[in-house]
Every structure is written in structure tokens, then in C-alpha cells.
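Chemist: the following comprises the amino acid sequence and a computationally predicted model.
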Amino acid sequence: MPTYNKTQVLLIDKAFIAAYKTCTDVWVLDYSQNLPHVHIPFTTLMTILAAVACIINSIIALFLISGHLCYWVNPLEQKQIVRILLWVPFYSICAFFSIYFYEAQGYVAALAQWYEGFSITALFLLYVHYVAPRQENRANFFHRLERRWMNGKKKGDGGSLRWFRVIWIMVFQITIVRILTVVAYDFLYGFTCPLSWARQRGATIIKVFQSTSTGFAVFGVVLFETRVRSKLQEQHTLLKLVSFKGVVALEGLQDIIFPVLADTSVYLPKPPFYVSWNDFAKRISQFILVWEILIVAIVFIRSMTFEPYRQAVQRGVPLAATPESALIDSINPMDIYRGVKYMFTAFTSSTYMEGNRAIVPYDEGRGPEMDTRMESGGIKTTREARLS
């Protein structure tokens, strides 16, 4: 544990007293000297390297997104893929600004976590469309889907719509929870002081609530993917899930480890003060995150490729929309809204199809048309073969 002289102790005490009185951050926690050889602060070095990773991540994601938009032949699948791909630049930019403007990290992190929830629902909807692209057959598909216990043993003689409805609720609740937590973070950071007990306690409560919601949603997606995995062998679904959620899990772990180590005085700045307390407690985890996202972006080149859709166009499958219209379709949140609405009526509708026609988030007129168009172009439609 580093020792400080009387002058340093006095300065630290004055900085904390001033922060309490003015409701501001403690400036001494951000103090550091230039690194040797490079002659810039450690914060600046992290910012530069994070910007490099952020640019690379964005280039990879935008390349994949542009490919899907240019070969827009299956909107119901590709709009969800584009939404998941948008997570890469969105999360990278948020991580970068959490380093560059650490004072606003609470607001920026809340926005990143909101889009994370949006991406989880998009991944679930993508899985649903993989196994049951035709809406009129969806109820029959899940009704016939073999049920199994967690240990893999067969459960009963048939499928269950109830199971699908429960999974739907488990996943879509995260959309509402993330909106509420963003609002809660805005109020918390807007009306409390950085050193106040209310902010620390409030942030802890919000994180617990948010983590519980995320756990339910991810568990629902994992259950769904596990049960239909045999029908999704060609879609790299496990790779999509592991790559996407793996980095989010690591982020959550880092957000716990570094602040705890800093708060328990495991790490304290010591001469020559190259790394500040804020660098260790707040910035390093975001710096690591932006490079972890680079790994995910590279994995997405394979798991979120637009190559099958490009080949479909080469075989003669007509495009469903222009790139501009495809982009508008991708960012249109109405299917998510209808999915949330269905969550509240899943067990009150007389049949699954009634709820499906009314509010399940798919455009009824386009699904079968897309499948027929892709079949006519010669693209492999193994999912349709399984359902026929």
C-alpha cells in the first residue's frame, strides 16, 4: 500500500471536501503524470488505442451491414441480423466515450445496455424465423416440437405452445426493463452527487434489477436455441449466441472487478502516478471492452455473413427492397413493439395464431413471399423442407 506525505494527504482531503460541497467529481482521483517515452498521460494513450479499435469495429460491422442491405432478399431474417450487427459500432462508440468523457459514463453505459437488450430480442426473433419462417405454420411447428427435460430426456408425447409463450415473455421483458433502467440512470446521475450514498445505493439496486432481467432473457434464448439446435445446424446459431453474449458477460464481470478492487484499496495510485484511480476503476474496463468487441466483430464475419443472400441474388432471386428501404425497415421498431404487446396477451388470446396474426412481430404478407422467391431462385431452404 503506497504511503503519502503530509502535503499529498492534505491535498486529497481538500479535494474530497470540495467535491462534497460542490457536488462534483474529485479531481485528485483523475490525477496522473505523463508516461515515459511517449510523453502523454495513460488516459490519452487509452483513448487513442480505443479510438483505433472503435474505427476497426465500425468498418467491419458497416461492411457486413452494407452487404445485407444490398442483397435484401429475406427481410425477416436480415433485418434482425442488421440489428445485431449494429450492436458492434454502437457498443464500441459508447465504450470509447466512456473513456473520453468518463464523467458521462453513467449516461453512456445506460444507452449501451439499452441497445444490448434490443439486440437480444433481435437474436431471439432471428432464431424464431429460422425454425418457423411461415407464420401460418408457426403454431403447428411449436405444437409438434418434441419436448425434453434439461437433462435431454423426452418429456411427454408432443410439443407445447405454452413453452414458446413462456420463452417469449422471458426474452421480451428485457425490452421494458432496459427502458426503465435507462430512465432510472438518467434520474440517478442527474439528481444525485458523485460521492453521495444515494447514487451508490441506487446504482447497485439498478444493476441488480438489470442483471436479473438480463439473466432471464439470455436463459430464455439459450433454452430456445438448445431445443431447436438440431434444426439450426447450418445457421451458426451457437456461434452467434456465444460471440455476442460472451463479450457482454465479460463486460459485466469487468464492471464488477475493477471498481471493487479500487474501492477496497487493492489498487491505489502511487508515485510516479502514471495510472490514476479513475483510470483503473472506470476506464480500463471500457478499454478492454472495445478490444473484446473487435474479436466479436471478426467472428461476425462468419456467423453474420451476407454471402448466402448474395448467392441467392446471383441465382435470380429478386431483391425485396432497395438498400435505403432496407435500412429503414431494419431500424423500424414496430415489430419489437408488437412483440412486447404480445408478451402481455400471450396467455389471454384464444389461440396462438390469433395472437400471431394480430401482434406477433412479423409482416404476414411478406414472409411466405420471401420464402417462395428464394425457392424459385434455387437457394437452399432446408428450414422449409423440414416444415413441409
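Modeler: Okay, I see it.

Chemist: low-confidence ranges in this structure?
Modeler: Per-residue confidence for the chain (pLDDT under 70) gives these ranges: 1-5, 136, 147-160, 233-238, 244, 262, 265-266, 348-388.

Chemist: try 50 this time
Modeler: Where the chain drops to pLDDT under 50, the residues are 1, 350-388.

Chemist: buried stuff in the strand or helix carrying Val222?
Modeler: Using DSSP states H and E, Val222 sits in helix 197-227. By neighbour count on 16 or more other CB atoms under 10 Å, the buried set for helix 197-227 is 199, 202-203, 206-207, 210, 213-214, 216-218, 220-221, 223-225, 227. Every residue, glycine included, has its C-beta placed from N, CA and C.

Chemist: equivalent analysis for stretch 86-103, please.
Modeler: Applying 16+ other CB under 10 Å to stretch 86-103 flags 86-100, 102 as buried.

Chemist: of the residues you listed, which is the nearest to Thr7?
Modeler: If you rank the buried residues of stretch 86-103 by distance to Thr7 using CB to CB, Tyr102 comes first, at 26.4 Å.

Chemist: what sits against the closest one?
Modeler: Applying CB atoms under 8 Å, 6 or more residues apart in numbering, we find Tyr102 in contact with Asp30, Asn278, Lys282, Arg283.

Chemist: as CSV, those with secondary structure, neighbour count and distance to Val177 would be great.
Modeler: Output for those, formatted as CSV (DSSP: H, G, I helix; E, B strand; the rest coil; neighbours: other CB atoms under 10 Å; distance: CB to CB, whole Å):
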residue, secondary structure, neighbour count, distance to Val177
Asp30, helix, 17, 32
Asn278, helix, 23, 29
Lys282, helix, 23, 24
Arg283, helix, 25, 27
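
Chemist: next step: the buried residues of stretch 86-103 restricted to helices.
Modeler: Judged by DSSP state H, the buried residues of stretch 86-103 include 86-100 as members of helices.

Chemist: looking at those, which one is closest to Gln135?
Modeler: Distance to Gln135 across those (CB to CB) is lowest for Leu86, with 25.1 Å.

Chemist: for the contacts of Tyr102, which one is nearest Asp263?
Modeler: Lys282 (11.6 Å).

Chemist: thought the closest one was touching Gln105?
Modeler: Yes. In this structure, Lys282 is within contact of Gln105 by CB atoms under 8 Å, at 6.1 Å.

Chemist: anything in contact with each of these two?
Modeler: Ser98.

Chemist: thought Lys341 was touching Trp168, still the case?
Modeler: No. Judged on CB under 8 Å, Trp168 makes no contact with Lys341 at a distance of 11.3 Å.
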